[in-house]
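J.: Quick check, what structure comes out for this input:
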Amino acid sequence: MSAYSTAAIALDLQVSHRHKFWSRFKGLMLSKSMPWEEGVLLSPCQHIHTCFMRFPLSILHCDRQGNLCKYLPCVQPWSWSLCQQSYYVFEFNAYRFPSYEAAENWVAEYFSTTIQSL
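T.: The predicted structure is shown next:
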């Protein structure tokens, strides 16, 4: 994948930050779908579940410095994911990023522009 396509992936995404207990707890449970261009950022967060989900997700676990720790391209409903180094967790539609490198590049770009406001 070229740098151009990775950048295009990043520009298409709108991320909603959920940092309060109830918004993190509810997450995407019972949602019928999530638009392709949207994602959710949970913080602080080390583990997620996909109970009561109706669609698979891509999960990106990142540490406090914004480094990608764990990338799961397709987490099915009724699954769990844990990463002890994680502080931020992004949830996107399954296979939103074609590779670990594409996810890592997007995370680096995201945190380089927004980490101060988190």
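J.: Residue nearest the middle of the protein, spatially speaking?
T.: By CA atoms, centre = their mean, the chain has its centre lying nearest to residue 90, at 1.7 Å.
J.: Where does the closest residue to residue 45 other than its chain neighbours sit: helix, strand or coil?
T.: Leaving aside its sequence neighbours, residue 45 sits nearest to residue 89 (CB to CB, 6 or more residues apart in numbering; 4.3 Å). Where C-beta positions appear, they are placed from N, C-alpha and C, glycine not excepted. Under DSSP: H, G, I helix; E, B strand; the rest coil, residue 89 falls in the strand class.
J.: List the contacts of residue 89.
T.: Contact analysis of residue 89 by CB atoms under 8 Å, 6 or more residues apart in numbering lists 41-43, 45-46, 48, 59-62, 81, 83.
J.: What is the helix ranked longest in the chain packed up against?
T.: The longest helix of the chain (DSSP state H) is helix 100-114. With contacts taken as 3 or more CB pairs under 8 Å, 6 or more residues apart in numbering; DSSP states H and E, helix 100-114 sits against helix 3-11, strand 57-62, strand 68-75.
J.: Fine, thanks again, bye for now.
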